[in-house]
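# coords please:
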Amino acid sequence: MLHLHQFYTIGLLIIANIFMTFAWYGHLKLQQINVVTSNTPLYIIILLSWLLALPEYCCQIPANRIGFDGNGGPFNIMQLKVIQEVISLTVFTVFVTVYFNGETLHWNHLAAFVCLVMAVFFVFYK
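Have a look, this model is predicted:
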């Protein structure tokens with residue numbers, strides 16, 4: 001039976017990982033399109049990334065609290081982490097293929113993704 005907290009947890013993790021991906025890699029795209037340059041001071045890039053990381057944390061922390069079985073949620077800590085990693089890599093893959101021209105998926109990327117899906121299967125296996 002599906003638990004409402006599963007949807008909240010996964011939804012918040014997806015939102016958090018979108019912000020995280022833009023915080024970690026968005027400045028590289030901004031550099032590609034000349035919004036910032038390689039001469040832009042690193043502290044400026046870090047501050048901009050921190051501004052994006054705050055909403056990420058505002059979603060990530062509640063997702064973990066809501067989803068954690070110690071708080072009445074449906075997932076144990078290992079399941080939460082594996083779910084987060086799969087979401088993170090999914091969001092990253094979409095981000096790279098959409099925003100970075102020339103980046104393509106190869107067979108080894110797909111093989112790695114299959115391994116992640118298997119990790120989710122095994123972490124939930126009783």
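# Report the secondary structure state of the residue of the chain most remote from its centre.
What lies farthest from the middle of the chain is residue 39; by Cα atoms, centre = their mean that is 28.0 Å. At residue 39 the chain is in coil, as set by DSSP: H, G, I helix; E, B strand; the rest coil.
# what is the rounded mean pLDDT of the strand or helix carrying residue 111?
Residue 111 is part of helix 107-124, with elements assigned from DSSP states H and E. The predicted model assigns helix 107-124 a mean pLDDT of 85.
# Can I get that helix in CSV, CA atoms only?
Extracted C-alpha coordinates of helix 107-124, given in CSV (Å, rounded to 0.1, in the frame of the first residue of the first chain):
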residue,chain,number,x,y,z
TRP,A,107,26.0,2.6,-23.2
ASN,A,108,28.2,2.7,-20.1
HIS,A,109,26.0,5.5,-18.7
LEU,A,110,22.9,3.4,-19.2
ALA,A,111,24.6,0.3,-17.7
ALA,A,112,25.5,2.4,-14.6
PHE,A,113,21.8,3.5,-14.4
VAL,A,114,20.7,-0.1,-14.5
CYS,A,115,23.0,-0.8,-11.6
LEU,A,116,21.4,2.1,-9.7
VAL,A,117,18.0,0.6,-10.3
MET,A,118,19.3,-2.7,-9.1
ALA,A,119,20.6,-0.9,-6.0
VAL,A,120,17.1,0.4,-5.3
PHE,A,121,15.7,-3.1,-5.7
PHE,A,122,18.2,-4.6,-3.3
VAL,A,123,17.9,-1.9,-0.7
PHE,A,124,14.1,-2.6,-0.5
